[in-house]
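S.K.: just coords:
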């Protein structure tokens, strides 16, 4: 396949029609999901809709499918790209013709993706990211893998030559540094925080219920149920048991849900080490391949919790600039051993060390946390009594200890280290979170102080990088100001590029 | 890499405390007052519209308290924003721009000039009347790090704008 000639305008693989068709169809259904459901329901009930018969509607849908197919074909026919010596050219558009020219030197990232449909028909998509607008990202949605790799090589070609000349070192061959085993993937899935997926499932069920409440009520379920239930004591015990079983199932489903989700997203996770960058490959249905570039990394976050630490499972999140929002959530590596985390950090940030004097926020931080918890629990109490009556107050037996624990542990886990080139921040309640940033990548610094804190001479420092802001909470005012001065001094005196 | 081992938290760093922050133009008080008037106007018209719409006795009987509460809120809000006006201060240093604001929660933001992506001077209708301008400073940082200094005199805003532009381009 080495003889693909990119210098002539070419189309993507003809399978691209299918990919575009699938994508457009999916988009269409996503947009009109609710409307379609409504039409479906009213059809089920009345066999016709505003005097239109089912056959007409079916015909209408077939017509719609044909239109989407024709649009896909036209899109495919009008999508052409080629390479010249320095630029990548792309023309697209059915009615509005778009001609895009990207200089190779401006290309920030090329990555290869494969979603479920693309896996079935054995093509990949090539995404080209430029430094600029988030919208200007370009996707070629169907190429066979060898062509895609060749294109990626050609686009990055110039860069690698430059690197060689500058370094004059023998290039290390790229090697797989880390590959996840099924066992560790399962462990990571089991030991994650299931509360979030419980929340998602609960919200989903409640949302569904409210959307289709009318429909459900129409089914006259309540009448049927009332016929069954005559309230004697055995029945009440029964009811309680049923509720417990339902709760148990919801919990089970949410645990399963979060495990399956994690496995799908991180299936076959691979970390490949290149000369200067690190590549992540993962995914079952949506295969993604990401490149971590040290110069563009803004923050590193390491998360673990007590259970995970026992199994040696750490997650490394990488906040990189010039990455679109959707892609950003994929920038993490799960289930790493501690030495592996250290190794990767060393690879991504030069000369980083965890050493340095650890300082803690003032105990005032505990007071703020306690106040927040107080507001939170009283709000919950108020809502609970309004909806369920005074019996709900018993829930405080669980809520109050958790809130107390939250205050205590959150304070215990909070610390900060400011070394010559790095800021390290610890935080977390269930998770233990370590946040690392390089001082020369700071964009702005902010001092926050309320009038109550002014009297106590306490202030917080907020540090902004291009992808995240972190807070050093509630330290002495003089300390906060010297941190503030120091960070600014380091940024302004070095005049290093932040990217 | 060149080896350096300068002491951290040294006393010789330029201190934020010693910066002489300059208050913004007094004229800006008028803009604050005007904005508040519009806000309160909307609030009260909404309340009276509610009085027309909601027929319930519970609401109609207690309407005077609602109004009283709203008036109290407005007075407090006005006082706080007038006092907060005094906290709006700025300074341009050799290497960075400093801006402070907020009465109840005070923020002191500094953006190093080498990190500034672009600056712009914007003038609303009211600002044009009062010969004022706002200076917007954008860095690549998260949205919270962008700076908007309102209530500068036009000349001053242009001057700062030119100073920063010259520095980031040159």
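M.R.: Yep, it's here. Quantities reported herein were computed from a predicted structural model and do not represent experimental measurements. Residues are numbered from 1 along each chain as shown, chains lettered A, B, ... in the order given.

S.K.: ranges for the helices of chain B?
M.R.: Using DSSP state H, the helices found in chain B span residues B:28-53, B:57-61, B:63-85, B:125-129, B:154-169.

S.K.: closest one to chain A among those?
M.R.: Each of the helices of chain B has some distance to chain A by Cβ to the nearest Cβ; the shortest is helix B:63-85, at 10.5 Å. In short, each C-beta sits where N, CA and C put it, glycine included.

S.K.: deepest-packed of the helices of chain B, please.
M.R.: Each of the helices of chain B was assessed for mean neighbour count using mean count of other Cβ atoms under 10 Å in any protein chain shown. The highest is helix B:154-169, with a mean of 15.

S.K.: any idea of the mean pLDDT in that helix?
M.R.: With pLDDT averaged residue by residue, helix B:154-169 scores 90.

S.K.: what about that helix, near chain A?
M.R.: No - using Cβ under 8 Å from any Cβ of the partner chain, no contact is recorded between helix B:154-169 and chain A, whose separation bottoms out at 11.6 Å.

S.K.: now do that helix: everything it contacts.
M.R.: Contacts of helix B:154-169 with the rest of the structure, by Cβ atoms under 8 Å, 6 or more residues apart in numbering or on different chains, involve B:92, B:97, B:113-114, B:116-121, B:123, B:131-135, B:137, B:149, B:152.

S.K.: tell me how chain A divides into domains.
M.R.: The domain map for chain A lists A:16-167, A:172-349, A:358-494, with the assignment taken from automatic domain parsing.

S.K.: nearest to residue B:78, of these?
M.R.: Within the domains of chain A, the stretch nearest residue B:78 is domain A:358-494; the backing value is 17.9 Å (Cβ to Cβ).

S.K.: and whichever residue of chain B sits closest to chain A, how close does it get to residue A:405?
M.R.: Using Cβ to the nearest Cβ, residue B:141 is the residue of chain B that sits closest to chain A, at 3.0 Å. Counting by Cβ to Cβ, to the nearest Å, the gap from residue B:141 to residue A:405 is 34 Å.

S.K.: ok, these two, which is more surrounded?
M.R.: The neighbour comparison of residue B:141 against residue A:405 (other Cβ atoms under 10 Å in any protein chain shown) goes to residue B:141, with 26 against 12.

S.K.: show me which helix or strand of the chain is least confident by mean pLDDT.
M.R.: Because you didn't say which chain, this covers chain A. Taking mean pLDDT, DSSP states H and E as the measure, chain A has helix A:221-228 as its least confident helix or strand, at a mean of 56.

S.K.: oops, I was thinking of chain B
M.R.: In chain B, no helix or strand scores lower on mean pLDDT, DSSP H and E than helix B:57-61, which sits at a mean of 79.

S.K.: helices or strands next to that one in the packing?
M.R.: Of the remaining helices and strands, those touching helix B:57-61 by 3 or more Cβ pairs under 8 Å, 6 or more residues apart in numbering or on different chains; DSSP states H and E are helix B:28-53.

S.K.: would you mind listing what in chain B touches chain A?
M.R.: Taking Cβ under 8 Å from any Cβ as the criterion, the contact residues of chain B with chain A come out as B:1, B:4-6, B:8-9, B:13-17, B:95-96, B:103-115, B:139-142, B:144-145, B:147.

S.K.: ok, of these, which come out buried?
M.R.: Buried members of the residues of chain B next to chain A, counted by 16 or more other Cβ atoms under 10 Å in any protein chain shown: B:13, B:16, B:95-96, B:103, B:106, B:108-115, B:139-142, B:145, B:147.

S.K.: which ones among these map onto strands?
M.R.: Secondary structure of those is defined by DSSP state E; positions in strands are B:96, B:106, B:108-112, B:139, B:147.

S.K.: can you point me to the longest helix in chain A?
M.R.: In terms of residue count, the longest helix belonging to chain A (DSSP H) is helix A:233-266.

S.K.: where's residue B:13 relative to residue B:19, distance?
M.R.: As for residue B:13, its distance to residue B:19 is 12 Å (criterion: Cβ to Cβ).

S.K.: test my guess that residue A:442 contacts residue A:484.
M.R.: No - using Cβ atoms under 8 Å, residue A:442 is not in contact with residue A:484; the gap is 10.9 Å.

S.K.: let me see the contact set for residue A:89.
M.R.: With contacts defined as Cβ under 8 Å, 6+ apart, the neighbours of residue A:89 are A:9, A:81-83, A:99-101.

S.K.: helix or strand for it, which one?
M.R.: Secondary-structure assignment from DSSP states H and E places residue A:89 in strand A:87-92.

S.K.: how many neighbours does residue 146 have?
M.R.: Unless you meant another one, I'm taking chain A. For residue A:146, the number of neighbouring residues by other Cβ under 10 Å comes to 12.

S.K.: right idea, wrong chain: chain B
M.R.: Residue B:146: 19 surrounding residues under other Cβ under 10 Å.

S.K.: quick check: phi and psi at it.
M.R.: phi -70, psi 150 (degrees, to the nearest 10).
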